[in-house]
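Asks: how would this look folded up:
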Amino acid sequence: MLKKRSVSLSGHATSVALEPAFWAVLDQVAAAAGLSQAGLMKRIDERRGRTPLASACRLPAQARASRRRPVFRRTGVRRLTAARVGASSGPEGVTWPMKN
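Replies: Numbers count the residues shown, from 1 in each chain. The predicted structure is shown next:
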């Protein structure tokens, strides 16, 4: 089941629906970057390009979770990275979390 959170981005109210597990990891990403939940959402929004917001939110959550334990083993499934969805890439092809 998806959980919605509301946030104001660029002066517009919007909501993002993600699975609770993604929200839990995003909360950890925000804390590690010294940001509020809204601050992290703003940072993701600023860097997502044309990627849908929910998808852009899943990328840093997946990146953090995959550093802790492998998500995909050699199954032929390609890892989704920021570079593959058209965002500029940083180390390991992941753009988040970014510091000021």
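
Asks: Wait, a helix at residue 23?
Replies: Yes. The assignment for residue 23 by DSSP: H, G, I helix; E, B strand; the rest coil puts it in a helix.

Asks: Do a quick rundown of the strands in the protein.
Replies: Secondary structure of the chain (DSSP state E): strands located at 3-9, 12-18.

Asks: how about a markdown table for those strands, with distance to residue 52, mean pLDDT and mean neighbour count added?
Replies: Glycine gets a C-beta too; all of them are placed from N, C-alpha and C. Putting the strands of the chain into a markdown table (distance: least, C-beta to C-beta, whole Å; pLDDT from 0 to 100; neighbours: other C-beta atoms under 10 Å) gives the following:
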| stretch | distance to residue 52 | mean pLDDT | mean neighbour count |
| --- | --- | --- | --- |
| strand 3-9 | 13 | 93 | 13 |
| strand 12-18 | 10 | 94 | 14 |
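
Asks: Can you lay out those strands as a markdown table showing distance to residue 43?
Replies: As requested, those are exported to a markdown table (distance: least, C-beta to C-beta, whole Å):
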| stretch | distance to residue 43 |
| --- | --- |
| strand 3-9 | 10 |
| strand 12-18 | 14 |
